[in-house]
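*Asks:* Sequence first, predicted model second:
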Amino acid sequence: MTGTDTVLGAPAERREGREKVTGAARYAAEYDHPGRALAWPVPATVARGRVTGVDARPALELPGVLAVLTHENAPRLGEPDDPALSVLQDPRVPHRGWFVALVVAETLEAARDGAAAVRVLYEAEEHHVTLSAADPEAYVPETANGGYPAVTEHGDPDGAFAAAPVRLECAYRVPPLHNHPMEPHTTTARWDDGLLTVHTSSQGTSAVRAELVRLFGLPEDRVTVLAEHVGGGFGSKGTPRCDVVLAAMAARHTGRPVTLALPRRALPAVVGHRATTLHQLRLGADAEGRISALTHEVTTYSSRVREFVEQAAVPARVMYAAPDSLTRHRLVRLDVPTPSWMRAPGEAPGMFALESALDELACATGVDPVELRVRNEPETEPDSGRPFSSRHLVECLREGARRFGWAGRDPRPRSGAAGPLLVGTGVAAATYPVLVSPCVASARALPDGSFLVRVNATDIGTGARTVCAQVAADALGVPPERVRIEIGDSRIGFAPMAGGSAGTASWGWAVHEACVRLTRKLAGHTGGLPEEGLAAGADTSDAAGAKSPWSRHAFGAHFAEVAVDTVTGEVRVTRLLGVFAAGRILNPRTARSQLVGGMTMGLGMALTEGSTMDPAFGDFVESDLASYHVPAHADVASVEAYWVEEDDPHLNPMGSKGIGEIGIVGSAAAVGNAVHHATGVRFRELPLTPDRVL
Ligand code: MOS
């Protein structure tokens, strides 16, 4: 087959790059249909209770205001899959920031003024928003997110811990984290003769359509969901959010196309966030650092709206050989906004705790932290006993150590003083599961020699359409310039979201299959192609839906160098270097960008990101980008991402694992471990802001 070596694995540039940098790419708010109105939400100002009255008159009297939707007049909705989408259906207020009204107006300014003028009366109730591991209402749920059992236990973890020569017991806390994509959650909705069309900023249009079908009681073919360009999501757009429901309701109510772009400050309350996780870890080991007992217990919260259990103890089930182990999740239901998916849910906070504890064990035993991890490599997946389809964590650690210049490191804390700065280095491992979902795709050969490939992928800035075109060109054996690709349209057919680091694997598998079938069809075809061309389709339900006998995970190793200012308490990450084993890398340009992005997000998690739940108000204190600090360019000095060659035949026809999330896994721990090396102080609570460090 031609092209295999040149097309797949080539650093192709993003196909939509020019459109994006010239401003020609249209996002959900930019579909300015004739007669379009704009909407602005009214968030609840109590943390728990009910709406007893809404006075919309002051808003309706303002020029340009068209309508005020409340639970009293908004269209009635069917039962959604996600109860957080039952908006304006009843007077209850499950948390502060829950939307209690929506103002629709001729202009954005009028809508915003209208929202400020609506008078809402509440009956407030006592609220409880503070997470504590000692909360008497904490319970062990049936499962943690992802369908994982909430508890796993092997052998006698208590006995083994008591008998271990080296015993380590430590607690870590990861604060609430917000996704904050650059493009807020936005929808433009319109109804034409009972047909609902939405342009929405989502990680997957199939799931959005399914919810709209349920909510509005429509047949599938009467709902079209389009997401051509999406300005980030980080998990918060993985499932539909209330913007799409409210925009559709407002459009139906007013008979006008309506755009709703959620205001930045409203996001933390309604688009999900990463819930606080409290980690209790116990490691029992011998004097050489071989772990005999491992316990990782996580306490987290969900809202009253739905159960959501950040699966933060799950990575401890795959990382290290420990004959006796316990992992457990506990949950407390609070009057807080509903937590949801955020990049590497489970793994990101869980591996901060586990990889910090490993560093503490390295210090306690005097074993080099790279060597300690190598020493505890399991032969098979510790929890299930299944063989790894491929692992290569040791290779990542060794290659990272070589590139970073780890050899000869003085392990003593505070050994790297340079004037007022304390310089230190740290390492941490990373893991993320290999997930894949069924998908449909089609490929069509046209008489002019070009090909049209359609798959309902979503490109959230990752380069999805570019990589799908590469997969197609490779399977067709043609140069990628001859492949046109259409994505982001629910009419194309079912596709999973851009999430779980599974987009490329899932969409690519279906694209590959459709193109292989088309190639076969073309080989059997004689004469010229008819005007409409020749087409083939694929549905990977059986292949991608099948259970694998293998334990499939990507792995990685992060190395960080920090400089801690002893005068200001400021931590600077001077170098961050990651090496990953993620199967075949299909596009090194976009892959590197994903990995660097993830690592940078881990840097933010380590140093600046973190939200505070105000116990009195029951609200997040940091609700915009002025108070919730994501890394800026000046915070990111040098981030390097590499990978090891990995040839894993147990994945999918492309041989790829996911790369969207593993970059954030472990990077915060590497930074934290470097801060310990620099200062000799172990900070067990993130983020490492100057007030904590000083
Ligand atoms: Mo990711 S949190 O699976 O979008």
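*Replies:* That came through fine.
*Asks:* Outline the domain layout of this structure.
*Replies:* The domain map for the chain lists 35-46+48-126+179-270, 143-177+273-434+552-693, 435-545, with the assignment taken from automatic domain parsing.
*Asks:* So what's the gap between the second one and the chain middle?
*Replies:* This means domain 143-177+273-434+552-693. Taking the mean of its C-alpha atoms, domain 143-177+273-434+552-693 sits 15 Å from the chain's own mean (Cα atoms, centre = their mean, to the nearest Å).
*Asks:* What mean pLDDT does it get?
*Replies:* Here domain 143-177+273-434+552-693 scores 97 as its mean pLDDT.
*Asks:* Quick check: end-to-end length of that domain?
*Replies:* Domain 143-177+273-434+552-693 has an end-to-end distance of 36 Å (criterion: Cα to Cα, to the nearest Å).
*Asks:* Tell me the first helix or strand C-terminal of the helix or strand containing residue 187.
*Replies:* For residue 187, the enclosing helix or strand under DSSP states H and E is strand 186-192. Using DSSP H and E, the helix or strand that follows strand 186-192 towards the C-terminus is strand 195-200.
*Asks:* ok, that next one: who's next to it in the sheet?
*Replies:* With DSSP bridges as the criterion, the sheet partners recorded for strand 195-200 are strand 186-192 (antiparallel), strand 223-226 (parallel).
*Asks:* next one: the strand holding residue 187 to chain centre, how far?
*Replies:* The offset between the C-alpha centroid of strand 186-192 and the centroid of the whole chain comes to 26 Å, using Cα atoms, centre = their mean.
*Asks:* so who does residue 454 touch?
*Replies:* Contacts were defined as Cβ atoms under 8 Å, 6 or more residues apart in numbering; by that measure residue 454 touches 441-444, 485-487, 492-493. All C-beta atoms are positioned from the backbone trio N, CA, C, and that covers glycine.
*Asks:* What about residue 166, how many residues nearby?
*Replies:* Other residues within reach of residue 166 by the criterion other Cβ atoms under 10 Å amount to 17.
*Asks:* what are the bridge partners for it, then?
*Replies:* Note on residue 166: beta-bridge partners residue 285, judged by DSSP bridges.
*Asks:* ok, it - contacts?
*Replies:* Residue 166 neighbours (Cβ under 8 Å, 6+ apart): 283-287, 289, 361, 364-365.
*Asks:* returning to that earlier point: quick one: the domains of the chain as CSV, columns for distance to residue 20 too.
*Replies:* What follows is the domains of the chain, written out as CSV (distance: least, Cβ to Cβ, whole Å):
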stretch, distance to residue 20
domain 35-46+48-126+179-270, 7
domain 143-177+273-434+552-693, 13
domain 435-545, 9
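*Asks:* What segments of the stretch 551-694 of the chain are helices?
*Replies:* If you assign secondary structure with DSSP state H, counting those that start in this stretch, the helices in the stretch 551-694 of the chain sit at 588-607, 667-679, 690-693.
*Asks:* can you count the residues close to residue 526?
*Replies:* If you count neighbours by other Cβ under 10 Å, residue 526 ends up with 4.
*Asks:* what about it, is that helix, strand or coil?
*Replies:* The three-state label for residue 526, taken from DSSP: H, G, I helix; E, B strand; the rest coil, comes out as coil.
*Asks:* That one and residue 534, how far apart?
*Replies:* Distance, residue 526 to residue 534, by Cβ to Cβ, to the nearest Å: 12 Å.
*Asks:* so which strand or helix has the residue in the chain that the ligand sits nearest to?
*Replies:* With distances taken as Cβ to the nearest ligand atom, the chain approaches the ligand most closely at residue 235, which sits 2.5 Å away. Taking DSSP H and E as the criterion, residue 235 maps to no regular element, lying outside all helices and strands.
*Asks:* Once you drop chain neighbours, what's closest to it?
*Replies:* Counting by Cβ to Cβ, 6 or more residues apart in numbering, the nearest residue to residue 235 once its immediate chain neighbours are dropped is residue 341, at 3.4 Å.
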